[in-house]
Structure formats: structure tokens, C-alpha cells
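Undergrad: okay, here's the prediction I keep looking at, along with the sequence it came from:
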Amino acid sequence: MRAVVQRVKEAKVEVAGELVSRIGVGFLVLLGVGAGDDSTDADYMVRKIATLRIFHDRDGRMRRSLAEVDGAAVLVVPQFTLYGDVRKGTRPSFSNAAAPDLGRRLYEEVLAGLRELEIPTRGGSFREMMQVTLLNDGPVTILLDSKKRF
């Protein structure tokens, strides 16, 4: 599983001009599910996202997590294109991305896992053409890959 985590002042997702989800301060997470992923990968992502310490403290150092920032939330957007492979040419191959059923199940596991930790969590629309708008804070962008956790 792969994720791009961006610290934001605000973010939103629209489908066909209709607002699907919106958050204020927090993380916008673009989440891709790979063909070989399972629930352990989803658990890893939940733990990492929930505990990333990339908010500034009073000293201006990145030491605070989502739970330590009043009103912070997460917007998780499904993004199979994170598995786009362009090593052989310029048109991406998505053969390493999970099939839609697996992708949806693990995406929903990540949403549920964050909510179980009482982190305000919103989602995008699975298998829809979305317009994602964000106001980066920093910018701070972190890449996570559940297969590179060891």
C-alpha cells in the first residue's frame, strides 16, 4: 500500500461539481492499494497516519500528531495511479494496482481504522473521477509504502 500524506490547511473532494468531503486543518492522504496488499498493510497505514508527528509545536519543531491538534482531520482519497509504472515507456501500466474489489475493501479498512482511533476521517469516492483541492501547509509531504516498513 502506498500513500502520499500532505499536511493541509484545508482540502476537499468533488465529483461532477458536487462536494463529497471537506476538511480543515489536517492531512490529505492519497492512498493506493497494491495487488499483493492485505489487512496488515491497511493496519500499518492506519498506525503511521495516526501517529505521524508533522505538526509544529510551540518551538516550531515537527513534534505533534493529529491527536494533538485541535480540530485536525484526515481526508483519504483512493488513488490507484500511485501504482502507475512508467519504467517501460511513457504510458503508465497499472498492473501492480489491486483489483477494484480488493482496493475498495482495503481502502475502507483504512477509513474504519482511523475512525476507530477517533480521528475525524472523511473519504473520497472510490472509482469516480474526482477533483481534489487542497491548500498545502508548509508544504509538508510524506511518502509511505507498507512494503518498505522493515
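TA: Arrived safely. Source: prediction; values computed, not measured.
Undergrad: Asp57: neighbour count?
TA: 11 (other CB atoms under 10 Å). Backbone N, C-alpha and C define where each C-beta goes, glycine included.
Undergrad: my guess is it contacts Val69, does it?
TA: No - when contacts are counted by CB atoms under 8 Å, Asp57 is not listed as touching Val69 (10.2 Å).
Undergrad: beyond the host helix or strand of Asp41, next helix or strand please.
TA: When elements are assigned from DSSP states H and E, Asp41 belongs to helix 39-51. Using DSSP H and E, the helix or strand that follows helix 39-51 in sequence is strand 55-56.
Undergrad: adjacent strands (with direction) for the helix or strand that that next one is followed by?
TA: Per DSSP H and E, the first helix or strand lying C-terminal to strand 55-56 is strand 62-64. Each strand paired with strand 62-64, and its direction, by DSSP bridges: strand 55-56 (antiparallel).
Undergrad: just the strands from this structure, written as ranges.
TA: 2-15, 18-23, 26-32, 55-56, 62-64, 73-78, 121-123, 131-145 (DSSP state E).
Undergrad: which one of those strands lies closest to Pro100?
TA: strand 73-78 (9.9 Å; CB to CB).
Undergrad: who touches that closest one?
TA: 8, 11-13, 21-33, 49, 66, 103-104, 107, 110-111, 114, 119-127, 130, 132 (CB atoms under 8 Å, 6 or more residues apart in numbering).
Undergrad: can you say which of the residues you listed are buried?
TA: 8, 11-13, 21, 23, 25-33, 49, 66, 103, 107, 110-111, 114, 119, 121-125, 130, 132 (16 or more other CB atoms under 10 Å).
Undergrad: name the helices or strands packed onto the lengthiest helix in the chain?
TA: Secondary structure of the chain per DSSP state H: the longest helix is helix 100-116. Applying 3 or more CB pairs under 8 Å, 6 or more residues apart in numbering; DSSP states H and E, we find helix 100-116 packed against helix 39-51, strand 73-78, strand 121-123.
Undergrad: and the gap between Leu143 and Val5?
TA: 8 Å (CB to CB, to the nearest Å).
Undergrad: so for these two, which sits in the more crowded spot?
TA: A direct count of neighbours by other CB under 10 Å for Leu143 and Val5 places Val5 higher, at 22 against 10.
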